[in-house]
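[1] output the structure for:
(one chain, ligands or ions: 1)
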Amino acid sequence: MDSQSDNTDSPLSDTAEPTSEKADTRVNTLSGLSQHSTRSSLTSAPDAHFVQDESEDSSIKVVVRVRPLNDGEITRHDSMAIELPGNNNVVIDQPGKKKSFTFNAVFELSASQQDVFDNCGIKQLIEMSIDGYASTAFAYGQTGSGKTYTITGPFNLNENPNPELYGMIQRSFEYLFMNLQKNTDKAGITYTLSASYLEIYNEQVKDLLNPSQRDNLLVRWSKTKGFYVENLFLVECETIDDMLAVLEEGLSYRQTGSNNINEHSSRSHSMLTIFIDSEVPDPDDDTLYITKQGKLSFVDLAGSEKIKELGNTGDLLSETTNINKSLLTLGNCISSLSDPKKKNGYIPYRDSKLTKLLADSLGGNGVTLMIACVSPSTYSVSESMNTIRYANRAKKIKNKPVIRMDPREKLIMSLKRECKLLRSENDYLRTQFTKKLNGGEILQLPKMQTTTNGHVAVNSSKNSQVKKVEDVKKEKSTRRESTNSSISTSLSMKSAADNGLYEMLQEYMVENENLRSENNELVGSRERARREHEHLSKENDKLVRKMEDLERVMVASPVSFARYSFFSRTSSGRSSRPLVLGSVNSSWSEATTALFQQDTTPQMQYPPPQYQQPSLLPRQSPLQQPPPGQPPPGLPAQAFQQYSQQQQLPPPPPPQQAYQGIPHGSNAGAAASNPTVQRDTRVNGHHQPPLTYRKEQVPPKKQLHELPPVDNMKGVPNNYKASKQPPYQQQKIPSKQVSPQQQQQVVTSTSKNKPLESPRGQDGGSYVDRFQQQQTFNKSYGPPVANRPHEQTTPRQANINIPPVRGLERKDDYESGSPHQTQILKQVPLSTRSSTEKLASNKQVKSKADNKVTSDPFLNDIPPTPVATPPAVKYTPKGSHQMLQVSTLDVSQNAKQPGNWDQINDKLREELQELDGEIEYMKYMNKSQTSTTTTTTKPTNKPVPKPRRR
Ligand SMILES: Nc1ncnc2c1ncn2[C@@H]1O[C@H](COP(=O)(O)OP(=O)(O)OP(=O)(O)O)[C@@H](O)[C@H]1O
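    Numbering: from 1, shown residues only. You can find the predicted model right below:
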């Protein structure tokens, strides 16, 4: 046999001694992982978390799995091109030459899934990820060589569940949960798990847990996180079932195709990542925790393919080209990293998305296992040789595993470690000093003690130290006097040496003292930040509750429609505040605003000045009002027209009718004929003249009737004509469907001497009238389509954008697709639902964000409203672990200043007060409206759509 070794760079160097006896004939070797085994036993002890945050350089572990011949190969009578002589060796039998390679483990044809799991080293990777390392297992090989089979099991596992065929991922989940439970029970460590699942298809990153997100996700880089996928969907997992649901969901969306070699070939690279956040109690201080962010990734690469052999055309051909391109880049990275001359130079990670996402695993700070899958057939021998060559190179790549944790916590840990060292050094020096000074006599030196909070303190004061030094000197001088002159010289020399030693000791003590105070400061600042954080969490929760309260009131409120309508007609668009009373351009809203402001809560003006955005239709006095159908000053005519058509605006009230004004003070003339509402008008505790609010103060309808009839509208602007067609007519709801009682209600509640007109008033009418008629109609037919909440959204989502609280990252931000949107999503508590439902619920929330693209071209044309730059703090409410974990708590330099936190707090309080006011106001309006009309708007209780199953 022409056997030739390819192990020129001593491939055995990073493997342990080959075992003389094979534990299992199907597994070629169990060796090569002893290093990890030691580590794992070390880290399983709680203290290990504090003595080791960086592991020594570690090589990528490479194992080879040879699958059995498949049906096609057997039919073709292919012979075996791979020999497995044992001792981790693989011999490839190419025509004319044989090459031998050695790996960490080699799995023979008959090796079961459990054999592979037990012996490939994945267990150690899981343990390390629990300890805070980033671990990656990836399968590499030709198409049809068994990568997917090894990582997730056979393709039809879902239809025919067979636990024996479960792949590495399912087995790892089980092992992971078992270990987490052990650590929690033993050391009181708490863990939070979440999962993401993506695929790279045609060089585009797709979220497999959020398939509605069609866009290519961006791969970004940050100093703290390295390469990461932006806006990737994360699912919080509490149980193993949650994780299995994630896997199942992701697999169902993965791109597959069929080729000559594999009927169910994966056409993309997939990456399932489990994020493991742990809080480890600090052994020195019960109140402190060290947080670590480990992760465990499973990568199933698409198979390397020979285009010629596969017979792919069209889409499949471009897929294959992309797959081969990214695998080529991976190969280049592996080559560069394994070449000692190149490894410190340029590594082409950036050439493909795959290599960007694997950067940490290849030559980075993670721990990595590569599973090279090969077919034994002679038909695939050249592909198998390529795979084995790459695997052999990958073996030489060295990683420098580092525990992933907060840099500040890392600093504190290292300072503590230094303190410990200094303390022991001190002790040693003290012993040496006392021995030398007294020739065995123990001299009492200031002793260090550990205080209750775990910090070291000097037992005696500085004065006493000085006193003792004096004592020592006196003693020494006494002794010197008593000795004869012959030995005086040697004694003085000894004394000088002792003094030097003592000075050195004192220096150490001072240095130690400095370190201690620095440490105390750091611990203090961390505590402060923690308190701030807790405080903000509470504030935030309170705010969210208030917002929900407000939402409920608004949904139940009969005025909500009118207010929403105003908003949709008059707000400045895109991300305006929902109840921008200050920008509502109507007499009714003027009235309500004035009323509102005259009420007992003067601070209810909303939004506060710093949030106010320039209104699209600026607030004007009646005299400044533009003629009907004309754009307000500053708004381009085309845009206005487009907007009017889009929104089907009612005609703007003619100047003489708009803004009749709200009576401030007396209204004696009107009071006789109109129902009035008397209000308490104390402002800031001082009694004001009583305000009488006249509902009929708004323009009388007969004036509106004077507008030209529909057929005779020459010269009337287009948008006016458009608005003549009320939305209800467009819906073809016959007006005769209004019951006589309802008509009666409307007549009673609005104006008894006016005939019932279309629901929005024949010619517009006052907003109050329209509103009341609207309510009546709503009761019968539901709200008009234009104002009806989206099928699956709440009215707030449909009509109102609750503006982002400045400096605050919230669920709402995510849903509304605001710029504050992050990749993290607050979860609805998962424990009460089944895992698939949880997943579906997650998807639902996310897809809302995705669908939140306004269809209004006018609104899309509006440039984003400039808002004051918020302090760069992202904040997520406590209780949502997943939000906190993936660097969402991104406290920037600015926000570290306590002043900024205060500002945010103030803003939150302000928001809270305003919301309080809003709620009060809405309650008040509720009451007053129900007393005048009998109509109510029922909240739409749309059933939550069922989670989609495979
Ligand atoms: N160790 C094994 N034992 C039994 N059958 C196997 C084994 N490995 C792979 N197979 C079978 O071989 C076929 C191809 O395997 P698989 O789909 O996992 O290949 P792959 O490398 O993922 O291919 P691709 O890159 O095209 O996705 C499957 O039908 C699978 O069940």
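
[2] can you give me the strands for the stretch 351-500 of the chain?
    Assigned by DSSP state E, counting those that start in this stretch, the strands in the stretch 351-500 of the chain fall at 367-374, 398-399, 448-450, 456-458.

[3] shaky segments in the protein?
    Low-confidence segments of the chain, defined by pLDDT under 70: 1-57, 258-262, 305-316, 343, 436-494, 497, 557-636, 639-640, 642-901, 927-950.

[4] domains in it, by residue range?
    Annotated domains of the chain cover 3-9+48-405, 409-537, 557-660+698-816+852-932 [automatic domain parsing].

[5] so which bits of this structure are right by the ligand?
    Counting by Cβ under 6 Å from any ligand atom, the residues of the chain close to the ligand are 67-68, 70, 141, 143-149, 154, 262, 264-266, 302-303, 373. For glycine as for every other residue, the C-beta is placed from the backbone atoms N, C-alpha and C.

[6] mark which of these are buried, thanks.
    Of the members of these, the ones counted as buried by neighbours, 16 or more other Cβ atoms under 10 Å, are 67, 70, 141, 143-149, 154, 262, 265-266, 302-303, 373.

[7] what angle sits between the longest strand anywhere in the chain and strand 367-374?
    Counting residues, the longest strand found in the chain (DSSP state E) is strand 285-300. For strand 285-300 against strand 367-374, the angle by axes from the mean of the first three to the mean of the last three Cα atoms, to 10 degrees is 20 degrees.

[8] helices or strands next to strand 285-300 in the packing?
    Counting contacts by 3 or more Cβ pairs under 8 Å, 6 or more residues apart in numbering; DSSP states H and E, strand 285-300 is packed against helix 48-51, helix 122-130, strand 134-141, helix 147-152, helix 168-187, strand 269-282, helix 407-438, helix 485-556.

[9] and that strand with helix 407-438, angle?
    Strand 285-300 runs at 130 degrees relative to helix 407-438, counting by the same axes, to 10 degrees.

[10] what's the angle from strand 285-300 to strand 269-282?
    170 degrees.

[11] for strand 285-300, buried residues please.
    288-300.

[12] just those residues now: which is nearest the ligand?
    For the buried residues of strand 285-300, the residue nearest the ligand by Cβ to the nearest ligand atom is residue 300; the value is 6.6 Å.

[13] list the contacts for the residue lying closest to that closest one once chain neighbours are set aside?
    Closest residue to residue 300 in three dimensions, ignoring its sequence neighbours and counting by Cβ to Cβ, 6 or more residues apart in numbering: residue 151, at 4.4 Å. Counting by Cβ atoms under 8 Å, 6 or more residues apart in numbering, residue 151 touches 137, 139, 167, 168, 169, 298, 299, 300, 371.

[14] which residues does the last one bridge with?
    Spelled out, it's residue 371. Beta-bridge partners for residue 371, by DSSP bridges, are residue 63, residue 139.

[15] got the contact list for it?
    Contacts here follow Cβ under 8 Å, 6+ apart; on that basis residue 371 touches 63-65, 116, 120, 137-140, 147, 150-151, 168.

[16] turn the contacts of residue 151 into JSON lines, including distance to residue 553.
    Output for the contacts of residue 151, formatted as JSON lines (distance: Cβ to Cβ, whole Å):
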{"residue": "137", "distance to residue 553": "52"}
{"residue": "139", "distance to residue 553": "55"}
{"residue": "167", "distance to residue 553": "52"}
{"residue": "168", "distance to residue 553": "53"}
{"residue": "169", "distance to residue 553": "47"}
{"residue": "298", "distance to residue 553": "48"}
{"residue": "299", "distance to residue 553": "50"}
{"residue": "300", "distance to residue 553": "51"}
{"residue": "371", "distance to residue 553": "58"}
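
[17] quick check, nearest of those residues to residue 356?
    Using Cβ to Cβ, residue 299 comes nearest to residue 356 of these, at 12.7 Å.

[18] who's in contact with stretch 323-341?
    So stretch 323-341 is in contact with 140, 200, 203, 267-269, 301-305, 307, 342-343, 345-349, 351-355, 358, 362-363, 390, 393-397, going by Cβ under 8 Å, 6+ apart.

[19] stretch 245-256 now?
    152, 155, 158, 169-170, 173, 195, 197, 199, 201, 206, 208-209, 211, 235, 237, 264-268, 270, 272, 319, 835-836, 838-839, 950.

[20] buried ones among those?
    Buried subset of the contacts of stretch 245-256 (neighbour count, 16+ other Cβ under 10 Å): 152, 155, 169-170, 173, 195, 197, 199, 201, 206, 208-209, 211, 235, 237, 265-268, 270, 272, 319, 835-836, 838-839.

[21] relative to residue 221, which of the helices and strands packed on strand 285-300 is closest?
    strand 134-141 (15.2 Å).

[22] and the closest one, what does it pack against?
    Here strand 134-141 touches helix 122-130, helix 147-152, strand 285-300, strand 367-374, helix 381-394, going by 3+ Cβ pairs under 8 Å, 6+ apart.

[23] can I get the CA coordinates of the shortest one in PDB?
    These are the backbone C-alpha positions of helix 147-152, laid out as PDB (Å, rounded to 0.1, in the frame of the first residue of the first chain):
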ATOM      1  CA  LYS A 147     -24.600  16.700   8.000                       C
ATOM      2  CA  THR A 148     -28.300  17.300   8.600                       C
ATOM      3  CA  TYR A 149     -28.700  13.800   9.800                       C
ATOM      4  CA  THR A 150     -26.000  14.300  12.400                       C
ATOM      5  CA  ILE A 151     -27.100  17.800  13.500                       C
ATOM      6  CA  THR A 152     -30.900  17.400  13.600                       C
END
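
[24] nearest to residue 220, of the helices and strands packed on strand 285-300?
    strand 269-282 (15.6 Å).

[25] and the closest one, which strands flank it?
    Paired neighbours of strand 269-282 in the sheet (DSSP bridges): strand 190-201 (antiparallel), strand 285-300 (antiparallel).

[26] okay, these in CSV with distance to residue 326 next?
    Converted to CSV, the strands paired with strand 269-282 look like this (distance: least, Cβ to Cβ, whole Å):
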stretch, distance to residue 326
strand 190-201, 7
strand 285-300, 12
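
[27] out of those strands, flag the one nearest residue 431.
    When those are compared by Cβ to Cβ, strand 285-300 sits nearest residue 431, at 28.2 Å.

[28] got the angle for that closest one vs helix 485-556?
    Using the same axes, to 10 degrees: strand 285-300 against helix 485-556 is 70 degrees.

[29] extract the CA atoms of strand 285-300 and return them as CSV.
    This file holds the C-alpha atoms of strand 285-300, laid out as CSV (Å, rounded to 0.1, in the frame of the first residue of the first chain):
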residue,chain,number,x,y,z
ASP,A,285,-20.8,39.2,48.8
ASP,A,286,-24.2,37.6,49.1
THR,A,287,-25.9,40.6,47.6
LEU,A,288,-23.9,40.6,44.4
TYR,A,289,-24.2,38.5,41.2
ILE,A,290,-21.8,38.0,38.4
THR,A,291,-23.6,37.8,35.0
LYS,A,292,-22.3,35.8,32.1
GLN,A,293,-23.6,35.4,28.6
GLY,A,294,-22.7,32.0,27.2
LYS,A,295,-24.0,30.7,23.9
LEU,A,296,-24.2,27.5,22.1
SER,A,297,-24.6,27.4,18.3
PHE,A,298,-25.3,24.5,16.0
VAL,A,299,-24.4,25.2,12.3
ASP,A,300,-25.6,22.9,9.6
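
[30] perfect, I'm done here.
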